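1. kindly return the folded structure for what I paste below:
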Amino acid sequence: MKQKRIFLSTIEDAKEFVAAASKCDFDIDIFYNRIIIDAKSILGVLSLDLTRVLTVEYAGENEEFEALLEKKSAGKRTAA
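-> So this is what the prediction gives:
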């Protein structure tokens, strides 16, 4: 299992994330605290608190998806 911490600051970010996750042929979960959501569910992802750092867990490999995770990495978040 791989884990990445990401930050989805807007609804557009969430839509982009779900679209990329949906192209993957493996399960992807996104969670915050004890809430675990299927990352391919737009309603599920939008139900999360987008002001928080979220953790993504997945077991497969997809270059496009992993590039998006790197772009949305919580470590790259800049203060407003």
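
2. contact partners for the nearest residue to Phe26 once chain neighbours are set aside?
-> Distances taken as Cβ to Cβ, 6 or more residues apart in numbering put Gly60 closest to Phe26, at 3.0 Å, once the chain neighbours are dropped. C-beta: built from backbone N, CA, C; applies to glycine. Applying Cβ atoms under 8 Å, 6 or more residues apart in numbering to Gly60 gives the contacts 24-26.

3. in a markdown table, list those residues along with pLDDT.
-> Shown next, in a markdown table, are the contacts of Gly60 (pLDDT from 0 to 100):
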| residue | pLDDT |
| --- | --- |
| Cys24 | 97 |
| Asp25 | 96 |
| Phe26 | 97 |
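
4. and of these, the nearest to Ser73?
-> Cys24 (17.7 Å; Cβ to Cβ).

5. roughly how far does that closest one sit from Glu61?
-> Distance, Cys24 to Glu61, using Cβ to Cβ, to the nearest Å: 9 Å.

6. more crowded one of those two?
-> Comparing Cys24 with Glu61 by neighbour count (other Cβ atoms under 10 Å), the higher total belongs to Cys24, at 17 against 10.

7. what secondary structure does that one sit in?
-> Of the three states, Cys24 takes coil under DSSP: H, G, I helix; E, B strand; the rest coil.

8. can you tell me the closest non-neighbouring residue to it?
-> Spatial nearest neighbour of Cys24, chain neighbours left out: Asn62 (4.7 Å); criterion: Cβ to Cβ, 6+ apart.

9. right, and that neighbour touches Ile28 too?
-> No: with contact defined as Cβ atoms under 8 Å, Asn62 does not count as touching Ile28 (9.3 Å).

10. Leu8: what secondary structure?
-> Classification of Leu8 using three-state DSSP returns coil.

11. the residue lying closest to it once chain neighbours are set aside: which element?
-> Of all residues not flanking Leu8 in the chain, Ala14 sits nearest, at 4.8 Å (Cβ to Cβ, 6+ apart). Applying DSSP states H and E as the criterion places Ala14 in helix 11-22.

12. can you pull the contacts of Ser47?
-> Counting by Cβ under 8 Å, 6+ apart, Ser47 makes contact with Ile37.
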